[in-house]
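Colleague: predicted model follows, preceded by the sequence.
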Amino acid sequence: MILKVRLLSPKGMSLVEVMILVVVMGLVGLGTATLMKNMVGIQKRTDLKSTINEIKTQLEQYILDDTAWNHSVQSNTELACLRDTTPNCTHNADDMSAGPFFSGFSAGHFQIFDTQGNVFLRGYSGTPNGGFSPDGTRCNTFDADIGDGDDDCPFRYNVAVWYKCVNGQPTCSRPQVFVRGELVYNPEDPAALNARINVDDYRIDLQRGRATRADTFQIVHEDPFPPYYPVGDQDGGGNCSPGAGNEVPRYFTNETFDTGDNVELLNPVANRGFRRFRMQAGTYECKVATQSFEARQGYSVFLWTVGTGRRFPAGGGFAGPSSTAHSTESVKLVLDDETTFELRHFCAASYNTGRGWDLGIPLQGYTTANPTVYTSITCTRSS
């Protein structure tokens, strides 16, 4: 008789079945571990791409934002020609559509500032090991040498500009500015972050206006300001007489703060000042401050466009005997081309027709040590 023995587990399963179950469970566990590892890698890759996109977006915003860009221009020696009113920016004739993306630039490796004036991107020349961590914080251990990278500081941006002068002039003070940014990605081992990063997907290629935007300038008539209107000379460019049509210009003696070369005084008149001023194309928010003496029935001030005769109301006021009227008016100008203006005023009637009104003679006296500003136009260019 043959005795058959069935090997059963305590729960009634055979040993072979137990072994098969163990193998299956091992395979499932291995697959789960692999899947989890891949999921973690995918999440890291997604997070890193999201971080790079966020840095790229912020850089683009700070390059295009007027206030932030002005901080960058003022703080980088590489961009010094954009601060000058003299034509010191050299035209770059390179065809930017040909050749490597990051070659032939006018100036490069400079810092990018945020709207508060803080450094956001450190220039390579000043901080060659400055970069960003996978979570977007700044770090100082970036290394561009292949194989020597740092997983905790795996990428940075390099930026450069190209200057293009209008009509290809050799030099200019207000060029068109092309800004490019190149992502440099170099972890110690790209597989360590399981990140396949195509740096071409994160390039920056922007164009700004010719001038440093957010420029502020002011033109004024300040007296005494030799040789214009010496002390005691109150003869103006025209009297404020009753009747319509008595429009007379107000003259300007000097301009200040014009780092962007946005305004130019024109048509000087002996012992008066400059009768006209020319503004470059752009969008401006302006404040026109004026005063007049004994303007009985009121005075009106307006910007008059030379050539077209278009008027922009710019304030006015009333003043009784021996009193001075003051006015400050906001004026927005959107200029498609450079435009020449005069600041003119009209007085309906005066208590003293012998007074001059191109400056708006003030009630208080003035001295050489205490000059008086009669008329000022302060503008901020936003585009």
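Modeller: Sure, I can see it.

Colleague: got the contact list for residue 123?
Modeller: 76, 78, 109, 110, 111 (Cβ atoms under 8 Å, 6 or more residues apart in numbering). Every residue, glycine included, has its C-beta placed from N, CA and C.

Colleague: quick one: what helix or strand has it in it?
Modeller: Counting by DSSP states H and E, there is no helix or strand that carries residue 123.

Colleague: confidence score at it?
Modeller: Looking at residue 123, its pLDDT reads 74.

Colleague: please tell me how far it sits from residue 77.
Modeller: Counting by Cβ to Cβ, to the nearest Å, the gap from residue 123 to residue 77 is 10 Å.

Colleague: do the same with residue 339
Modeller: For residue 339, the distance to residue 77 (Cβ to Cβ) stands at 33 Å.

Colleague: neighbour count: the two, which is higher?
Modeller: With neighbours defined as other Cβ atoms under 10 Å, residue 339 and residue 77 compare such that residue 339 has more, 19 against 10.

Colleague: pop out the phi and psi values for that one.
Modeller: Residue 339 adopts backbone torsions of phi -140, psi 140, taken as degrees, to the nearest 10.

Colleague: who's in contact with it?
Modeller: Residue 339 makes contacts with 278, 279, 281, 305, 306, 333, as judged by Cβ under 8 Å, 6+ apart.

Colleague: which among those count as buried?
Modeller: Buried by 16 or more other Cβ atoms under 10 Å: 279, 281, 305, 306, 333, out of those.

Colleague: I'd guessed residue 382 sits against residue 66; true?
Modeller: Yes - Residue 382 is in contact with residue 66 according to Cβ atoms under 8 Å; the separation is 6.1 Å.

Colleague: pretty sure residue 144 sits in a helix.
Modeller: No - counting by DSSP: H, G, I helix; E, B strand; the rest coil, one finds residue 144 to be coil, located in no helix.

Colleague: what residues are up against residue 106?
Modeller: Neighbour list for residue 106: 89, 90, 92, 160, 161, 162, 163 [criterion: Cβ under 8 Å, 6+ apart].

Colleague: which SS state does residue 74 fall under?
Modeller: Assigned with three-state DSSP, residue 74 falls in the helix class.

Colleague: ok, it - how many residues close by?
Modeller: Counted with other Cβ under 10 Å, the neighbours of residue 74 add up to 15.

Colleague: need the per-residue pLDDT for the nearest residue to it once chain neighbours are set aside.
Modeller: The shortest distance from residue 74 to any non-neighbouring residue, by Cβ to Cβ, 6 or more residues apart in numbering, is to residue 83 (6.5 Å). Looking at residue 83, its pLDDT stands at 75.

Colleague: residue 83 and residue 147, how far apart?
Modeller: Applying Cβ to Cβ, the value for residue 83 to residue 147 is 41 Å.

Colleague: more neighbours, the two?
Modeller: Between residue 83 and residue 147, counted using other Cβ under 10 Å, residue 83 has the larger neighbour count: 17 against 8.

Colleague: distance of that one from residue 73?
Modeller: Counting by Cβ to Cβ, the gap from residue 83 to residue 73 is 6 Å.

Colleague: which elements pack onto the helix or strand bottoming out on mean pLDDT in the chain?
Modeller: Ranked by mean pLDDT, DSSP states H and E, the weakest helix or strand in the chain is strand 216-223, scoring a mean of 74. In terms of contacts (3 or more Cβ pairs under 8 Å, 6 or more residues apart in numbering; DSSP states H and E), strand 216-223 is packed against strand 254-256, strand 263-269, strand 372-381.

Colleague: buried stuff in the helix or strand that comes right after that strand?
Modeller: Per DSSP H and E, the first helix or strand lying C-terminal to strand 216-223 is strand 247-250. For strand 247-250, the neighbour count (16+ other Cβ under 10 Å) marks 248, 249, 250 as buried.

Colleague: for stretch 93-110, same thing?
Modeller: With burial defined by 16+ other Cβ under 10 Å, the residues of stretch 93-110 counted as buried are 105, 106, 107, 108, 109, 110.

Colleague: now swap in stretch 127-137 and tell me
Modeller: Per 16+ other Cβ under 10 Å, stretch 127-137 contains these buried residues: 127, 130, 131, 132, 133, 134.

Colleague: now do that stretch: everything it contacts.
Modeller: Outside stretch 127-137, the residues that touch it by Cβ under 8 Å, 6+ apart are 44, 47-48, 51, 54-55, 122, 124, 138-143, 151-156, 193.

Colleague: can you turn the buried part of these into a ChimeraX selection?
Modeller: Filtering these down to the buried ones (16+ other Cβ under 10 Å) takes a single ChimeraX command:
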select :48,51,55,122,124,138,139,142,143,153,154,155,156,193
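
Colleague: from the contacts of stretch 127-137, which land in strands?
Modeller: Residues of the contacts of stretch 127-137 located in strands (DSSP state E): 138, 139, 155, 156.

Colleague: what is the nearest of those residues to residue 186?
Modeller: The closest of the ones in strands among the contacts of stretch 127-137 to residue 186 turns out to be residue 155 (Cβ to Cβ; 7.2 Å).

Colleague: what about that closest one, distance to residue 145?
Modeller: Relative to residue 145, and taking Cβ to Cβ, residue 155 is found at 14 Å.

Colleague: swap in residue 133?
Modeller: When distance is defined by Cβ to Cβ, residue 133 is 18 Å away from residue 145.

Colleague: settle this for me: residue 156 is touching residue 184, isn't it.
Modeller: Yes - under the criterion of Cβ under 8 Å, residue 156 makes contact with residue 184 at 5.3 Å.

Colleague: between these two, which contacts overlap?
Modeller: With contacts taken as Cβ under 8 Å, 6+ apart, residue 156 and residue 184 have residue 142 as neighbours in common.
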